[in-house]
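Chemist: Fold the stuff below for me.
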Amino acid sequence: MAGRIEDYALIGDMQTAALVCRDGTVDWLCLPRFDSHAIFAGLLGTGEHGFWRLGPAYAPGAEPPTSARRTYRGDSLILESEWDTPRGTVRVIDFMPPRDGAPQLIRIVEGVSGRVPMRSELRMRFSYGRVVPWVHKHEGRTVAVAGPDSVWFDTEAETYGKALTTYADFTVAPGDRIAFTISWEPSHKEPPALPEPEQSLVATEDFWRDWVEHCTYHGPYREAVVRSLITLKALTYAPTGGIVAAPTTSLPEDIGGVRNWDYRYTWLRDAAITLSSLLRTGYREEARAWREWLLRAVAGDPENLQIMYGIAGERELGEAELDWLPGYANSTPVRVGNGAAHQLQLDVYGEVTEALHLGHMTGLARNDYASVLQLKLIRYLEDHWNEPDEGIWEVRGPRRHFVHSKVMAWVAVDRTIKLIESGDADGPLERWKQLRDDIHRDVCEKGYDKERNTFTQSYGSQELDASLLLIPQMGFLPPDDKRVIGTIEAIQRELSTSDGFILRYPTDGKDEGVDGLPGDEGAFLACSFWMADDLAMIGRVDEARKLFEKLLSLRNDLGLLAEEWDPRLQRQVGNFPQAFSHVPLIDTALRLTASGAYGG
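Modeler: Predicted coordinates:
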């Protein structure tokens, strides 16, 4: 049975990632890429769907003991978990070295005190738990093969097979270090090189230490910011620069419900705001790589801009359901692929243009095609900005004239005007200034409720939407505008949970709501950070700081956040860890630091 979402730790090699539970079980790992089939899918099913537990031995029928302490080694993605047992203390070091050859997951058991009996229990199941591989010995190494995949298991410990599972039982004393490694290789190729766990550990620690040294933020929230930056780096697919929204699929937004989606793709929106945070904290190389990924993904077809692509720029992300998996906490269906890829979401044009604008303003080396792309996007918006769309939240109900989409269309035109005025592009400046004014007027006339003094989710609607919090942050209206303040206060009244966090929009329980789905969801963490930002912008800085620090308290013990917080169950929900949660954490920390609004 999978643990609570916040019980998991992230390790990864910037091409894929694994989730490790407190009891030492790896319940999720896709190889060789984030979007490949999982070889451990216990997170979305049972132990029969694949896992790897490494920890103290325990009695048959008992629950595996959970670690007493766990932490990342310094500013790295190297996980250290410690168990205190009646016979002594043991440490397990889990990491995935930045890839130079075959992808590897390395686990090193280290004796700390006493003599601790240990067990490794490895159950590989390919194709998301559906396929039992052929496990056999090859020149002294254990290999699991099925179809195009092979996974090689290397350890100096003695292993044996039982009930389609590979075991190793051993005992560690102080100073003992016993390594276990799995490596993936296409099944038609020669075996991967023998692993060198200790050398890989040193190299991995050096990599992360060197990377973190480039961080330019040194404020009071540095620990939270650096951990979020490391998480964002871990969600970057190094070969292409694409950034996944999360390394998981189908972790539910509503426990037991149907709001389960595959996030192992590159959303332009998520990636663009991630780029913004990276640029503002000193990481230009990642920003440059993402811009190059964007130009390749969109190349030759900006008029058909998708909201998301595969991590190498793939366009076809067909959605399917894996009916053999019972889902996390019986939340079905389990989905792979994402049918929202071909939705019309006009806000994406604004987010992409804002990211390109920020890169330009922060001195990212000029790319002429980036400017050409930006101009093409605006020419498309000229003809389509006044159409209804599915909006930022990818509703599966009818299209609407979402206010946030119109605001972001305004942002796209505004930033392009600035590009032309800087002399780095040519375009019909006066015509686009008029377009900017037209969009602004349209939003203020049709998306604003004068009686309630608030902008609304869509033209003519009564509902509110937390994306309206971005109006002052994007410069559409100044923070002291009465309409902005009224919107912030209305969202606090109508979309706030009992503990002060912010919902995206109203949902209707069993009935289908504006998003076309039954059920409810938790407080959306990004929206809650946006509220803290807005409160700081309108001068309510103490309130902003208190909300921000309350949000920080929701992180798990390793500093990680899922997509949402369920106020009823008091737990994290949604895919994990979520870039769209860690990015606004960074942005709010930067704003509060600049304003001096922090405690201590």
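Chemist: Quick check: which ranges of the stretch 401-550 of the chain have low pLDDT?
Modeler: Along the stretch 401-550 of the chain, the model assigns pLDDT under 70 to residues 508-520.
Chemist: What segments of it are helices?
Modeler: Using DSSP state H, counting those that start in this stretch, the helices of the stretch 401-550 of the chain run over 403-421, 429-446, 470-473, 482-494, 525-537, 541-552.
Chemist: May I see these organised as a markdown table, with mean neighbour count and distance to residue 55 added?
Modeler: C-beta here means a position set from N, CA and C on the backbone, and glycine is covered the same way. Output for the helices of the stretch 401-550 of the chain, formatted as a markdown table (neighbours: other Cβ atoms under 10 Å; distance: least, Cβ to Cβ, whole Å):
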| stretch | mean neighbour count | distance to residue 55 |
| --- | --- | --- |
| helix 403-421 | 24 | 46 |
| helix 429-446 | 15 | 56 |
| helix 470-473 | 21 | 44 |
| helix 482-494 | 18 | 45 |
| helix 525-537 | 26 | 30 |
| helix 541-552 | 19 | 29 |
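Chemist: Out of these, which is closest to residue 391?
Modeler: With Cβ to Cβ, the closest approach to residue 391 among the helices of the stretch 401-550 of the chain belongs to helix 403-421: 5.5 Å.
Chemist: quick check: angle from that closest one to helix 429-446?
Modeler: Calculated by axes from the mean of the first three to the mean of the last three Cα atoms, to 10 degrees, helix 403-421 forms an angle of 160 degrees with helix 429-446.
Chemist: Give the other helices and strands that helix 403-421 contacts.
Modeler: helix 347-361, helix 368-384, helix 429-446, helix 470-473 (3 or more Cβ pairs under 8 Å, 6 or more residues apart in numbering; DSSP states H and E).
Chemist: Residue 415 and residue 542: what is the separation?
Modeler: Note on residue 415: its distance to residue 542, by Cβ to Cβ, to the nearest Å, is 33 Å.
Chemist: Pass me the low-pLDDT residue ranges in this protein, would you?
Modeler: 1, 300, 302, 508-520, 597-600.
Chemist: again, only using 50
Modeler: In the predicted model, the chain carries pLDDT under 50 at residues 600.
Chemist: What strands flank the host helix or strand of residue 143, and is each parallel or antiparallel?
Modeler: For residue 143, the element it lies in under DSSP states H and E is strand 141-146. Sheet pairing of strand 141-146 (DSSP bridges) gives strand 134-138 (antiparallel), strand 149-155 (antiparallel).
Chemist: Now residue 139. Nearest residue, chain neighbours left out?
Modeler: Leaving aside its sequence neighbours, residue 139 sits nearest to residue 191 (Cβ to Cβ, 6 or more residues apart in numbering; 7.6 Å).
Chemist: Quick check, that neighbour in contact with residue 138.
Modeler: Yes - counting by Cβ atoms under 8 Å, residue 138 is a contact partner of residue 191 at 6.7 Å.
Chemist: Which residue of these two possesses the greater neighbour count?
Modeler: Neighbour totals were compared for residue 191 and residue 138, and residue 191 leads with 15 against 11 (other Cβ atoms under 10 Å).
Chemist: and residue 61, what helix or strand is that in?
Modeler: Residue 61 belongs to no helix or strand, assigned by DSSP H and E.
Chemist: what number of residues lie near it?
Modeler: Counted with other Cβ under 10 Å, residue 61 comes out at 5.
Chemist: And residue 301, by the same measure?
Modeler: Residue 301 has 11 nearby residues by other Cβ under 10 Å.
Chemist: Then the one 3 residues further on?
Modeler: Here the neighbour count serves as a burial measure; for residue 304 (other Cβ under 10 Å) it reads 10.
Chemist: Flag every buried residue along stretch 560-571.
Modeler: 560, 561, 562, 563, 564, 565, 566, 567, 571 (16 or more other Cβ atoms under 10 Å).
Chemist: measure the second one to residue 6 for me?
Modeler: Residue 561 sits 9 Å away from residue 6, taking Cβ to Cβ as the criterion.
Chemist: shared neighbours, those two?
Modeler: 572, 576 (Cβ atoms under 8 Å, 6 or more residues apart in numbering).
Chemist: Residue 165 is in contact with residue 159, correct?
Modeler: No - look at residue 159 against residue 165 with Cβ under 8 Å: they stay out of range, at 10.4 Å.
Chemist: how about the helices of the stretch 401-550 of the chain in CSV, adding distance to residue 78?
Modeler: Shown next, in CSV, are the helices of the stretch 401-550 of the chain (distance: least, Cβ to Cβ, whole Å):
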stretch, distance to residue 78
helix 403-421, 39
helix 429-446, 48
helix 470-473, 35
helix 482-494, 40
helix 525-537, 26
helix 541-552, 23
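Chemist: Residues in contact with stretch 190-200: which ones?
Modeler: Residues outside stretch 190-200 that contact it (Cβ under 8 Å, 6+ apart) are 95, 97, 101-102, 104, 106, 108, 138-139, 141, 143, 152, 154, 177, 179, 181, 183-185.
Chemist: now that stretch, how far from the centre of its chain.
Modeler: 29 Å (Cα atoms, centre = their mean, to the nearest Å).
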